[in-house]
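Novice: Structure of the sequence below:
(one chain, ligands or ions: 2)
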Amino acid sequence: MTDAMPSIPAPDTACAGRVARYLDTLTKPPGSLGRLESLAVSLAAITGEDFPRVGPPGVAVFAADHGVAAEGVSAFPQSVTAQMVANFVAGGAAINAFARRIDARLEVVDVGVAGALPHDGVVHDRVRSGTANLAREDAMTRDQALAAIAAGRRAAERAAEAGCRCLIAGEMGIANTTASSAMLAALTGVPVAELVGPGTGVAGEALAHKRAVIEAALAERAPDPADPLDVLAKLGGLEIAAMVGAYLEAAGRRLPCLVDGFIATVAALAACRLDPALRPYLIFGHRSHEPGHAHALAALDAEPLLAMELCLGEGSGAALAFPLLEAATSMLAEMATFDGAGVDDREGA
Ligand SMILES: O=C(O)c1ccc[n+]([C@@H]2O[C@H](COP(=O)([O-])O)[C@@H](O)[C@H]2O)c1
Ligand SMILES: Cc1cc2nc[nH]c2cc1C
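Specialist: Ligands and ions are numbered 1, 2, ... in the order given. The predicted structure follows:
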């Protein structure tokens, strides 16, 4: 990417190697903790620490509206975006419950909600009041996409400065599965019919209409697939752009990014296209029920930790997966070695 893009450091392969060797000295058959072991190695590579710490996690939920909601592509009205922001502030959403469970620092950031919001409890960093309708015009300008990326960066910076050691980006935006599906089709070339899905619950003729809206928008907006900022500006959303910025900033600070569901993964894909050095910093929390998620994960060669059939967003699936990251770090910090515990190692080891 262009201006003011702090470079993302290469993962610490020496540290990763040390941790991989250390894992085999712990009191367990080699490899028996499965993906928890590769997770520990990844966390070492990301943080550069032999005994990485991932808590407290920072959750930033970015909220924004989408002009394309006017096309009738969501099962819910646009007003729900602002209403859910109020619910986040009141502490009553799923992400509030899950964030409390993992002792997360939770921030709700308005990067582009269309309506009025509570003054307190929201970080007001609005770029514009909702995107334009991508079925009729570009969702936003390139400068607005860059401004929303910058807002996401600021959120990751605040989390890091508050002492968070892992970043979860969540989102809330009625109609954002339409924007994400359009972006994913543009970035990967996967046919819309294969990746479009119900979002909040559209089915039957409404789903066929959603597909037609996305196909027409792709033809009319004609973004350059080699220019991720063009794809983001023409088809994306302000909260999607903010997640792009949050991931890039967190990785620049050697924080692991725990990626949530469909929309978050499309943002992660766009961010990796902007800067491929981001990819090693991404850990995928869950496989969403939204069908497009499988395509987004495949494009990133990613295998998520959980598959719970969630399709909520808000960062909820990533928050649920966070205890697995903690388990990987506890394994390193707390398990005894064969030598230390006086347990016989493998024959001939
Ligand atoms: O995270 C996911 O995988 C996911 C899948 C489907 C829907 N959502 C959430 O539902 C909203 C978008 O759905 P829709 O139908 O309005 O496009 C938005 O607020 C997302 O957070 C989230
Ligand atoms: C109620 C509701 C809550 C949500 N949280 C994230 N997306 C959402 C969409 C709806 C409709």
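
Novice: What residues does the stretch 51-200 of the chain have near ligand 2?
Specialist: Residues of the stretch 51-200 of the chain lying close to ligand 2 (Cβ under 6 Å from any ligand atom) are F76, V80, M84, M172, T200. C-betas here are computed from N, CA, C, even on glycine.

Novice: any idea which of those has the most stuff around it?
Specialist: M172 (29 neighbours; other Cβ atoms under 10 Å).

Novice: contacting residues around it?
Specialist: Listed by Cβ atoms under 8 Å, 6 or more residues apart in numbering, the contact set of M172 reads V61, F62, A63, T81, M84, V85, F88, E239, G313, E314.

Novice: next one: G285
Specialist: 168, 258-261, 304-306, 317-322.

Novice: re earlier: okay, and which of the contacts of M172 map to strands?
Specialist: Among the contacts of M172, DSSP state E puts V61, F62, A63 in strands.

Novice: And these, which is closest to G342?
Specialist: The closest of those to G342 turns out to be V61 (Cβ to Cβ; 48.5 Å).

Novice: which residues does that closest one bridge with?
Specialist: As for beta bridges, V61 partners with V108, G170 under DSSP bridges.

Novice: want to throw the contacts of M172 into TSV with pLDDT?
Specialist: What follows is the contacts of M172, written out as TSV (pLDDT from 0 to 100):
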residue	pLDDT
V61	99
F62	99
A63	99
T81	98
M84	98
V85	98
F88	98
E239	99
G313	98
E314	98
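
Novice: Next, check those against the helices and list the overlap.
Specialist: T81, M84, V85, F88, E239 (DSSP state H).

Novice: In this structure the second one contacts A63, no?
Specialist: Yes - using Cβ atoms under 8 Å, M84 is in contact with A63, at 7.4 Å.

Novice: how about stretch 120-129: buried residues?
Specialist: Under the neighbour-count criterion of 16 or more other Cβ atoms under 10 Å, stretch 120-129 has V122, V123, D125, R126, V127, R128 buried.

Novice: hmm, back to that, out of the contacts of M172, who's nearest ligand 1?
Specialist: G313 (2.1 Å; Cβ to the nearest ligand atom).

Novice: Need the pLDDT of D3.
Specialist: We have a pLDDT of 47 for D3.

Novice: can you check E347 too?
Specialist: 84.

Novice: Burial check on it, number of neighbours?
Specialist: A total of 5 residues lie near E347 under the criterion other Cβ under 10 Å.

Novice: For it, which residues are in contact?
Specialist: No contacts exist for E347 under Cβ under 8 Å, 6+ apart.

Novice: before we move on, which element is it in?
Specialist: Counting by DSSP states H and E, no helix or strand carries E347.

Novice: Go ahead and name everything in contact with stretch 23-36.
Specialist: So stretch 23-36 is contacted by 37, 40-41, 305, 324, 327-328, 331-332, 335-339, 341, 343, 346 (Cβ under 8 Å, 6+ apart).

Novice: repeat that with 6 Å
Specialist: The contact list for stretch 23-36 (Cβ atoms under 6 Å, 6 or more residues apart in numbering) reads E37, A328, M335, A336, T337, F338, A341, V343.
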